[in-house]
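In: Generate coordinates for the sequence data below:
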Amino acid sequence: MELVATPENPVPDGAVLVGLTTQDGAQLRAARWAWSSAPRGTVVVLPGRAEFIEKYFETISELLARDFAVVALDWRGQGLSERQLRNRRKSHIDDFEIYERDLVALKEQVLEALCPRPWFALGHCMAAAILIQQTRAGRSPFARIVVTSPMIDLYRLPLKAGARILVEGLDIAGFGGAFVPGGRGRPVFLQSFAETVLTSDPIRHARTAAILKAAPELGVGDPTIGWANAAFRLMRQFEDADYPRRTLTPILVIAAGADRVVSTSATELFAGRLKAGRFITLPYARHDILMERDLFRTQFWAAFDAFIPGVEDRLATSLASMQTPRRRTWRFWPWASAAAS
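Out: Residues are numbered from 1 along each chain as shown. The predicted structure is shown next:
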């Protein structure tokens, strides 16, 4: 295992690679970064679906500049962690609860032994859903959580009930390891800038593509039918009005106003029911907020700094009044050649 550097994306100073073994034997890649003489705590950076540690080097550097220790993880099935299927391009899982084993290994083998408290989490899309599921179950080790573009529901998925039935039927029939209909093995981050719905920043888009070109083994393609079925099952739980009300860890939810991967309106509804939550929308931002233009990233960091490590949230509250634009576009399979999570 190693961390892959490119000229535009150097490894932040002080990186230490860590190999993890989960309770079910999966081998994971993690990395940690040292802290100042007066650390403010540890932030765990958790990528979205199909992502990898290297994509967050800029964010990690910004967290280090804020005097946090930082830990980052490649989930099982992506990055340089162990794949669940022989085809390394397939992003697969049978149940989202399995991802919690990755978090348990990270906690026991890295956080408890090496990292100063309090512990915070920063998760994007799929990782946000995993973090919410863990804290809803009362097992979260984090004092506060920040999530961007959480996978609460998909963006304008037509015939959603039919899609759920289809993937469930295909999964039961033994096709769980196949790509979703229309899916393929080419990483979405290799799309041209004109095709992408993830970011409006051409420089950061090109930087991510350059990482995958330098290290193709980091990439995965579209999810499998099994992954999609597991994701649908989890998102159906989020539809229960009591689900967010029983989620007690303080969570800052940051949505993208021009998101075409996940549903901003569903995120608003869910976040509005959180007992210990804050919610803001960044108007006109696309799905991948931390890979967006500086205009949007500045707003993200203002909200983050107001929420972590637990100081007054006045700025986050003021940002919450921003209105979310609505854009109409239709796509039957939102994962297939369209977006990462």
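
In: How confident was the prediction at Glu82?
Out: Looking at Glu82, its pLDDT stands at 97.

In: actually Arg236, not the one I typed
Out: 96.

In: Now it: which helix or strand?
Out: Arg236 belongs to helix 225-238 when assigned by DSSP states H and E.

In: Could you pull up phi and psi at the nearest residue to Gly226 once chain neighbours are set aside?
Out: Ranked by CB to CB, 6 or more residues apart in numbering and with sequence neighbours excluded, the top spatial neighbour of Gly226 is Gly176, at 3.2 Å. The way it works is simple: take the backbone N, C-alpha and C, and place the C-beta from them, glycine included. Main-chain dihedrals, Gly176, degrees, to the nearest 10: phi -60, psi -30.

In: Test my guess that Gly176 contacts Pro223.
Out: No: taking contacts as CB atoms under 8 Å, Gly176 lies outside contact range of Pro223: 10.7 Å.

In: any residues in contact with both of those two?
Out: The contact sets of Gly176 and Pro223 overlap at His92 (CB atoms under 8 Å, 6 or more residues apart in numbering).

In: Please identify which of the two sits among more neighbours.
Out: Pro223 (28 against 20; other CB atoms under 10 Å).

In: The residue nearest to the more buried one when sequence neighbours are not counted and Gly177, how far apart?
Out: Distances taken as CB to CB, 6+ apart put Ser91 closest to Pro223, at 4.7 Å, once the chain neighbours are dropped. To Gly177, Ser91 is 11 Å away according to CB to CB, to the nearest Å.

In: how about the helices in this protein?
Out: Listed in chain order, the helices of the chain (DSSP state H) span 57-65, 99-106, 112-114, 126-136, 160-170, 202-214, 225-238, 242-245, 264-271, 294-307, 314-319.

In: Quick one: closest of those helices to Ala30.
Out: Smallest distance to Ala30 across the helices of the chain (CB to CB): 6.2 Å, for helix 99-106.

In: To Arg32, which of the helices of the chain lies closest?
Out: The nearest among those, by CB to CB, is helix 112-114 at 6.4 Å.

In: and the closest one, which residues are buried?
Out: By 16 or more other CB atoms under 10 Å, helix 112-114 has no buried positions at all.

In: So what's the gap between that helix and the chain middle?
Out: Remark: helix 112-114 is offset 23 Å from the chain centroid, using CA atoms, centre = their mean, to the nearest Å.

In: Quick check: mean pLDDT of it?
Out: Across helix 112-114, the per-residue pLDDT values average to 94.

In: tell me the angle the helix holding Arg236 makes with helix 99-106.
Out: 90 degrees (axes from the mean of the first three to the mean of the last three CA atoms, to 10 degrees).

In: In helix 225-238, which residues are buried?
Out: For helix 225-238, using 16+ other CB under 10 Å, the buried residues are 225-232, 234-235, 238.

In: Arrange those residues in CSV, one row each, with distance to Ala127 as further columns.
Out: Shown next, in CSV, are these (distance: CB to CB, whole Å):
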residue, distance to Ala127
Ile225, 21
Gly226, 19
Trp227, 14
Ala228, 17
Asn229, 19
Ala230, 14
Ala231, 13
Phe232, 18
Leu234, 12
Met235, 15
Phe238, 15
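
In: Skipping adjacent residues, who's closest to Gly183 in space?
Out: Take Gly183 and drop its neighbours on the chain: the residue closest to it by CB to CB, 6+ apart is Asp222, 3.2 Å away.

In: So, low pLDDT: which residues of the chain?
Out: For the chain, the stretches with pLDDT under 70 are 311-341.

In: Could you tell me the angle between the direction of the helix holding Arg236 and that of helix 126-136?
Out: 50 degrees.

In: For helix 225-238, C-alpha coordinates in PDB please.
Out: Coordinates of each C-alpha in helix 225-238 appear next as PDB, following Å, rounded to 0.1, in the frame of the first residue of the first chain:
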ATOM      1  CA  ILE A 225     -26.900  -4.800  -8.300                       C
ATOM      2  CA  GLY A 226     -26.200  -6.000  -4.700                       C
ATOM      3  CA  TRP A 227     -24.800  -2.600  -3.700                       C
ATOM      4  CA  ALA A 228     -27.800  -0.800  -5.300                       C
ATOM      5  CA  ASN A 229     -30.300  -3.100  -3.500                       C
ATOM      6  CA  ALA A 230     -28.500  -2.500  -0.200                       C
ATOM      7  CA  ALA A 231     -28.600   1.300  -0.800                       C
ATOM      8  CA  PHE A 232     -32.300   1.200  -1.600                       C
ATOM      9  CA  ARG A 233     -33.000  -0.700   1.700                       C
ATOM     10  CA  LEU A 234     -31.100   1.900   3.700                       C
ATOM     11  CA  MET A 235     -32.700   4.900   2.000                       C
ATOM     12  CA  ARG A 236     -36.200   3.400   2.700                       C
ATOM     13  CA  GLN A 237     -35.300   3.600   6.400                       C
ATOM     14  CA  PHE A 238     -34.500   7.300   6.000                       C
END
